[in-house]
Each structure stands twice: as structure tokens, then as C-alpha cells.
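Visitor: got a predicted structure plus its sequence, pasted below:
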Amino acid sequence: MAVQKVFPLSCTVQHYAWGKMGSSSEVARLLASSDPQAQISEDKPYAELWMGSHPRGDAKILDNRISQKTLGQWISENQDCLGSKVKETFNGKLPFLFKVLSVETALSIQAHPNKELAEKLHLQAPQHYPDANHKPEMAIALTSFQGLCGFRPIEEIVTFLTKVPEFQFLIGDNAAAQLKQSSNSDSQSASSALQSCFSHLMKSEKKVVVEQLNLLVKRISQQVAAGNNMEDIYGELLLQLHQQYPGDIGCFAIYFLNLLTLKPGEAMFLEANVPHAYLKGDCVECMACSDNTVRAGLTPKFIDVPTLCEMLSYIPSKDRLFLPTRSQEDPYLSIYNPPVPDFAVMKIEVPGSITEYKVLAVDSASILLVVQGRVTASSPTAQTPIPLQRGGVLFVGANESVSLKLTVPDDLLMFRACCLL
Ligand SMILES: [Zn+2]
């Protein structure tokens, strides 16, 4: 009998403290929709849904005719289903982890090392850097999703230096003057001026940071109370971050990094060494399998300021949206294909007027998440059709085609993670 290469998964929820609570969380809502037996606790955060074979959240296989219990076990015994190139390139492992995130309070300011640095950090400090792999990430908004990503254009940072004296105080007059001059010079000197300013800020004495932040918070609060608009210096966001992380140096990062509010379907790609932070909202996220994160603020976790200041790409740019391409073969398919081998994400939007849709076969194992709509899936190796509704997750082996029958006249929205080598 042929190996069954398409099956539904039950995925792991991570209840990290920064997650949205109860049914306000998209993670919880997807879970409740796909599993009628799931009990959602309104006083518990539902931060992440892990769709993959990571040892800390290996998905369970929802088909008792399959002898393996988890996706990780199944893949290790059915390696050809990864796809020939994927199997060879990634040593028989699924190279990506696919997630849904529901963020209530900001995640730390962070960046992820490239492969070379990851190997070095892992060797030097395995307790903080648990593996030797890089960790590129991509976030695609499901609801309005706010985050910080990459350095702002120099002119914007210079404007904040003028408008926020507390910010300039921490950076120091010399570094600030250097940055102001660099806006008319070559990109090399702009980068080094930016590095100098950012490093000065991050290396400020804790006591001084707290003093300056308190001054700024007081000033903004008084202005807001007097009915003045402080949005030119992101007054509301600063107060909100300070409330979440009082006295944290990361609050000032909003003046260095681009603030993005993604609309549903818009994406940001976080390549190695790009500073970023997720602030609020729901998204799907795909990443290379790794845990290596260098943090510098908005966190109670281990922070490594020297490594972060050294590794970052100090490239100012406003242009941070990552755009998908429309498929030539399938009018309902858009592909977010970042410049890394580890993963790509497809967005599939089928109007409810269509009754049958064929998911393209690719030479890679893939994971399909239904965000909206209801279908039954069938494939040559599946013995019976698989019903899937909102929140349903399907594993699809390499080169397997899947037919979907839309069972309600609602538009269908799905995301599919795979590896396009
Ligand atoms: Zn990250």
C-alpha cells in the first residue's frame, strides 16, 4: 500500500506571557474553530501556534491509521517525502517552522545572526545561542500588525534628535553631530555614524536611561493631558512601551527603527542582522529552524548589547515591505519568496464562487493552514477525504497534489509554507 503523504495535524500552542488573552487571540480562535473540543481559557495568553516538527512543539498526526504519532517521527521515517533537494540540502529535516503569532505586548528588540556568526556564538556561548543555524524570519499580517524593522532614513533620526532632547542626551552631542553631518555624505560614513549613535544609546548607563525616559514620559503625558497631539514623536506608542517595559532602553528604539503597520496580507522579511521587534497584532510567521536571537531591549531575557551593536546592518532605508509575486500558473496564488533557501510562503485566496481548487504539487514537503473557509481535501494517497475548516492544518508530502472541494460558498484563504529550492 502506498504511504499516505497527506494528513491533518494538531499543532502546539505556546502560552508565552506576551500573547493575546483568550479568545481575543487569533491563535486561540483558530484552535477553537478547528477543534470543537478545545477549551479556551480567557485568562491565559495564546501567543504562538507551531506548525512543524520542532522538538519543543512537534505537531501530532490526526490520523490513527498512521503508525507514527508526530510529524517529526513521520518525517524521519519517510524522508523522501521532504522532496529530493530538500532532503539533501537540509540533512533529512524539515528546514522551516511555520507559526501563527498573536502579540499583545511588544517582543524584544532583536536581530538574528547569519550562519557564520551563529556558528561562532554557539561555540562561545551555547547557553545563550543554542544552535549553529541562522534564523531568517518573515511575518505576514493576518490583522493589522505593528512592528519595528530596520533603520530609518538618517533624516528621520536627525529630526527625532531635535524633537526629543532626551534621546539626543543619551546619544551624546558628538555622535549626534556626526550623524547630522553624515546625511550629506557617502553611505559608508552614514553607516558608521549610525552605528556610533546606536551603540552610544544602547551602552548608556541604566540609571541615566531611566532618568531620561522618565523625563520624556512626563513631558509627553503632560502635553497629552493638555490636549496636545504628540504623534510627531510617537507619544502614544512611547507611553505604551514604557508601561509594558518601564525604564527599558528599548523604548527609545522607536526613534531609530522604521515603524510599520502591516495590513492583512502585507509582509516584512527579517534577514540576518536586521534589527526588529514585533509590537502588536496577529500574523503568520515562517522561519528557518533555529533559536538564535540576539536581544537588546524590551525584554527580561538575556541581552547581549556588544554582539548586537557589532553585528547589525546599519543600512538606513524606508523601504521595508516585502512584496509577494503573483503566480503565472494559478490566478489565486501569491508567493512570498525571500532570498534564503530555507522557506517560502504561499497565500491562496479562492473566491467562494469556485467549487473546486487544486493545490499545486511542489518538490517540497509543505504545511497548509486554512484561515478562512471550509473544504474537503483529497489526494491520490489519502484513503478518505479530509475535512478542513478555519484553523485546520494539513501536511502535504513533496510532489503530492491535493484537490480541495469548497463546501461552503465562503471565500477561502490559506497560507502554505514550503521550500522552493
Ligand atoms: Zn526575530
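Guide: The structure has been received and is ready for your questions. Computed from a prediction, not measured in an experiment: that's the story for all the values here.
Visitor: mind listing the helices for this structure?
Guide: All helices of the chain, identified by DSSP state H, fall at 26-34, 71-77, 84-89, 115-124, 154-163, 165-171, 173-182, 187-202, 206-225, 235-244, 305-311.
Visitor: how about TSV for the ones you listed, with mean pLDDT added?
Guide: Shown next, in TSV, are the helices of the chain (pLDDT from 0 to 100):
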stretch	mean pLDDT
helix 26-34	97
helix 71-77	97
helix 84-89	96
helix 115-124	94
helix 154-163	97
helix 165-171	98
helix 173-182	95
helix 187-202	95
helix 206-225	97
helix 235-244	97
helix 305-311	93
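Visitor: how long is stretch 219-233 end to end?
Guide: 12 Å (Cα to Cα, to the nearest Å).
Visitor: contacts for it, please.
Guide: Contact with stretch 219-233 is made by 160, 163, 164, 166, 235, 236, 238, 239, 255, as judged by Cβ atoms under 8 Å, 6 or more residues apart in numbering. Every residue, glycine included, has its C-beta placed from N, CA and C.
Visitor: hmm, back to that, out of the helices of the chain, nearest to residue 53?
Guide: Residue 53 sits nearest to helix 71-77 of all the helices of the chain, at 3.7 Å, using Cβ to Cβ.
Visitor: ok, and what's touching that closest one?
Guide: Against helix 71-77 from outside (Cβ under 8 Å, 6+ apart): 9, 52-55, 58-61, 66, 68, 81-82, 92-94, 365, 395.
Visitor: hmm, back to that, among the contacts of stretch 219-233, name the buried ones.
Guide: 160, 164, 166, 235, 238, 239, 255 (16 or more other Cβ atoms under 10 Å).
Visitor: check whether the first one really touches residue 255, as I assumed.
Guide: Yes. Using Cβ atoms under 8 Å as the test, residue 160 is close enough to residue 255 to be in contact (4.0 Å).
Visitor: now do the shared contacts for these two.
Guide: What both residue 160 and residue 255 touch, as defined by Cβ under 8 Å, 6+ apart, is the set 167, 233.
Visitor: low-confidence regions, this structure specifically.
Guide: Residue ranges of the chain with pLDDT under 70: 1.
Visitor: ok, now which ones touch residue 172?
Guide: residue 200.
Visitor: could you export the buried ones among the contacts of stretch 219-233 as CSV, including distance to residue 400?
Guide: Output for these, formatted as CSV (distance: Cβ to Cβ, whole Å):
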residue, distance to residue 400
160, 52
164, 55
166, 57
235, 52
238, 50
239, 51
255, 49
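Visitor: from those residues, pick the one nearest residue 391.
Guide: Out of the buried ones among the contacts of stretch 219-233, the member with the shortest distance to residue 391 (by Cβ to Cβ) is residue 239, at 34.8 Å.
Visitor: and the closest one, how far from residue 201?
Guide: Distance, residue 239 to residue 201, by Cβ to Cβ, to the nearest Å: 19 Å.
Visitor: now do the strands in the stretch 251-400 of the chain.
Guide: Along the stretch 251-400 of the chain, counting by DSSP state E, counting those that start in this stretch, strands occupy 257-262, 267-270, 276-288, 294-297, 325-326, 333-336, 344-350, 356-359, 366-372, 374-378, 386-389, 393-396.
Visitor: possible to save those as JSON lines with mean neighbour count and distance to residue 185?
Guide: Supplementary listing: those in JSON lines, determined by neighbours: other Cβ atoms under 10 Å; distance: least, Cβ to Cβ, whole Å:
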{"stretch": "strand 257-262", "mean neighbour count": "19", "distance to residue 185": "22"}
{"stretch": "strand 267-270", "mean neighbour count": "24", "distance to residue 185": "28"}
{"stretch": "strand 276-288", "mean neighbour count": "23", "distance to residue 185": "27"}
{"stretch": "strand 294-297", "mean neighbour count": "24", "distance to residue 185": "27"}
{"stretch": "strand 325-326", "mean neighbour count": "10", "distance to residue 185": "36"}
{"stretch": "strand 333-336", "mean neighbour count": "20", "distance to residue 185": "35"}
{"stretch": "strand 344-350", "mean neighbour count": "22", "distance to residue 185": "38"}
{"stretch": "strand 356-359", "mean neighbour count": "16", "distance to residue 185": "52"}
{"stretch": "strand 366-372", "mean neighbour count": "24", "distance to residue 185": "47"}
{"stretch": "strand 374-378", "mean neighbour count": "20", "distance to residue 185": "57"}
{"stretch": "strand 386-389", "mean neighbour count": "18", "distance to residue 185": "56"}
{"stretch": "strand 393-396", "mean neighbour count": "25", "distance to residue 185": "51"}
